[in-house]
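**Q** Fold the following.
(2 chains)
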Amino acid sequence: KQEVTQIPAALSVPEGENLVLNCSFTDSAIYNLQWFRQDPGKGLTSLLLIQSSQREQTSGRLNASLDKSSGRSTLYIAASQPGDSATYLCAVNSGNEKLTFGTGTRLTIIP
Amino acid sequence: KAGVTQTPRYLIKTRGQQVTLSCSPISGHRSVSWYQQTPGQGLQFLFEYFSETQRNKGNFPGRFSGRQFSNSRSEMNVSTLELGDSALYLCASSLAYGNTEAFFGQGTRLTVV
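**A** Predicted structure coming up:
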C-alpha cells in the first residue's frame, strides 16, 4: 500500500527566500507524481507533473524533482512571494488513476 | 477552455438524507475521479470512472456510489447521510486512463447536521 509523507506540516519563511518542500513515498513503482497547491476552502491547482521517467520539471519559479529509487520528491520555490502562501500537496499515481496524497505542507510567506 | 465544474458549491443536509453531487470534466477528458477531504483524514480516493465504467474504488461504505454518463459528466451519491460525511468533495478529470495529469474542480462543501 502506497503511503505518502510530507514534512514539515507547516513552514513560515520571509518573503524573497528560496525554499524546498519535501515529499516521500513508500512504493517506488509509480506512474507519476503531481504537486498541487490548495488555498483555504478551495480546490486543488495543479502545479507540476513529473512522469516516472523524468528527474525534474520546471514552471516559472517552481522546480520539482523526482528520485524514484529513494522514494523522494522536492518542490523548490524560488524568490518566494506572499501569494505563494497556501497548502502544498504531493500526490502519487501508482496506476489506475488513483492518487495517493500526502497530508500537505502549509506554507506561509511573511511580508 | 473551461475547467472542471462541480455543482453545487455548498450543501447543507440533515442526517439520514441523501445527496447527489455533480461534476463536469474538462472537455475531451474521459476519466473522472472523486475524492473526499476532511481535516482528520486528508484527501481520500472514492472512485474513478472511465467511459461510463467504474475502474477503481476506494475503501468507502456502499452508501457512497457514483456513475458517469456518455458525455463524461459524473455524479456521486451519498445515501443515509452521517455527520462524519461532512467534508469537501473534490472531482478530478484527466484526459485518458493512466499516467496523465489530473485537474481538480473547486469542490462541493457538504455539511451534515
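
**Q** where along the chain do the strands fall?
**A** The chain I'm using is chain A. Remark: strands assigned in chain A by DSSP state E are A:4-5, A:10-14, A:19-25, A:32-38, A:44-51, A:56-59, A:62-67, A:72-77, A:86-93, A:99-101, A:105-110.

**Q** Wait, chain B was what I had in mind.
**A** Residue ranges of the strands in chain B, as given by DSSP E, are B:5-7, B:10-13, B:19-24, B:31-38, B:42-50, B:53-57, B:64-68, B:74-78, B:87-94, B:103-104, B:108-112.

**Q** And chain A, is the last one touching that?
**A** What it means is strand B:108-112. Yes: Strand B:108-112 is in contact with chain A by Cβ under 8 Å from any Cβ of the partner chain, via residue B:109. C-betas here are computed from N, CA, C, even on glycine.

**Q** which helices and strands does that strand pack with?
**A** For strand B:108-112, the elements it packs on are strand B:10-13, strand B:19-24, strand B:87-94, judged by 3 or more Cβ pairs under 8 Å, 6 or more residues apart in numbering or on different chains; DSSP states H and E.

**Q** list the contacts for residue A:25?
**A** Applying Cβ atoms under 8 Å, 6 or more residues apart in numbering or on different chains to residue A:25 gives the contacts A:2-5, A:33, A:71-73, A:92, A:100.
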